[in-house]
Every structure is written in structure tokens, then in C-alpha cells.
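# One predicted model, sequence on top.
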Amino acid sequence: MKPQFLYPILLLIGGVGYGCIELAARGYTHWTMVVLGGLCLAGLYRLDLALARLPLLVRAAAGAAMVTAAELAAGLVLNCWLGLRIWDYSREPMHLWGQICPRFSLAWYGLCLGSMLAFAAGRALAVRLRRRA
């Protein structure tokens with residue numbers, strides 16, 4: 001698939017997908033989390049391509065670090081600076097300013113691992129479809 005089609009699709013899937021995860025887990029979400037989810041999935045795809053020679057578990061760890069960094073940046077702007085109070089991890093062990101914590105970094109690792117497996121499956125399917133054409 002051409003990048004001009006792929007990245008808008010990744011943004012949409014990441015945004016809607018993460019919004020649905022938050023709705024299922026917390027019962028609510030915020031529109032900024034839909035945007036952040038889309039940006040993270042598109043960025044994760046680029047990261048997966050850039051680190052393609054590394055083992056999957058290492059790529060997933062890099063992805064979790066990227067998502068955690070995005071969560072920290074978003075949290076500092078949205079929660080600390082703008083005072084929106086979208087999330088607060090201050091009761092979690094080893095949190096940083098109430099914006100990130102190991103528990104959720106581990107969750108991001110699982111989501112990154114699953115996403116990267118889905119990326120690989122999608123690329124393999126695209127190759128098979130191109131061979132048939």
C-alpha cells in the first residue's frame with residue numbers, strides 16, 4: 001500500500017482502537033487520546049520499519065519507550081500545563097510526575113508487540129496479493 005494511503009489508515013485505526021481500549025478499560029476517554037493513539041500507531045509503524053533488522057522483542061521495547069515518551073509529553077502539556085486532568089498516575093508505584101509509570105509502560109509493550117505482529121502479517125499478506133496480481 002502506498003504511504004499516502006497507509007498513514008491516514010494507521011492514524012484512524014490507532015485513534016479509534018486506542019479510544020475503544022480506554023472506553024472498555026475506564027469507561028471514558030478524551031478526544032486528545034484518540035489523536036495520540038493514532039499518532040503513536042503511525043509512529044510505531046515507522047519505528048518497526050526502521051528497526052526491522054532487530055529482534056521483535058527489542059523492537060517492541062523500543063516502541064514501548066516511544067509510546068511512554070509520547071505519553072509523558074502529552075501528559076506534561078495536557079495535564080500539567082493546561083490542567084485538563086485526563087489521567088493521573090500519582091498513586092502508581094514509581095510514577096514520574098503522575099504522567100507515566102512502569103505498569104502502563106508494560107501495557108504499551110504488549111500493545112506494541114501485538115501491533116508489530118499485525119504489521120508483519122499485513123506486509124506478508126500484501127506480498128502474497130501482489131504475487132497473485
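Here it is on my side, so go on. Because the structure is predicted, anything quoted here is derived from the model rather than measured.
# longest helix anywhere in the chain?
Assignment by DSSP state H gives helix 102-132 as the longest helix of the chain.
# what's the helix or strand for the residue nearest the centre of the chain?
Residue closest to the mean C-alpha point of the chain, counted by CA atoms, centre = their mean, is Cys40 at 3.9 Å. Per DSSP states H and E, Cys40 falls inside helix 31-50.
# dump the residue contacts of the residue nearest to the centre of the chain.
Contacts for Cys40 (CB atoms under 8 Å, 6 or more residues apart in numbering) come out as 14, 18, 66-67, 70. Backbone N, C-alpha and C define where each C-beta goes, glycine included.
# Other residues contacting stretch 11-23?
In contact with stretch 11-23 (CB under 8 Å, 6+ apart) are residues 28-29, 33-42, 44, 111.
# And that stretch, how far out from the chain middle?
Chain-centre distance of stretch 11-23: 9 Å, with CA atoms, centre = their mean, to the nearest Å.
# Give the buried residues for stretch 53-65.
59-64 (16 or more other CB atoms under 10 Å).
# Just give me the closest of those to Met94.
Using CB to CB, Ala64 comes nearest to Met94 of the buried residues of stretch 53-65, at 15.2 Å.
# and the helix or strand where the closest one lies, what other elements does it pack with?
Under the criterion of DSSP H and E, Ala64 resides in helix 56-75. Judged by 3 or more CB pairs under 8 Å, 6 or more residues apart in numbering; DSSP states H and E, helix 56-75 is in contact with helix 31-50, helix 102-132.
# Of all those, which one is nearest Glu92?
Using CB to CB, the nearest of those to Glu92 is helix 102-132, at 5.6 Å.
# in that closest one, what's buried?
104-105, 107-109, 111-113, 115-116, 119.
# Quick one: mean pLDDT over that helix.
Averaging pLDDT along helix 102-132 gives 95.
# That one: how far from the chain's middle?
How far helix 102-132 lies from its chain's middle: 11 Å, per CA atoms, centre = their mean.
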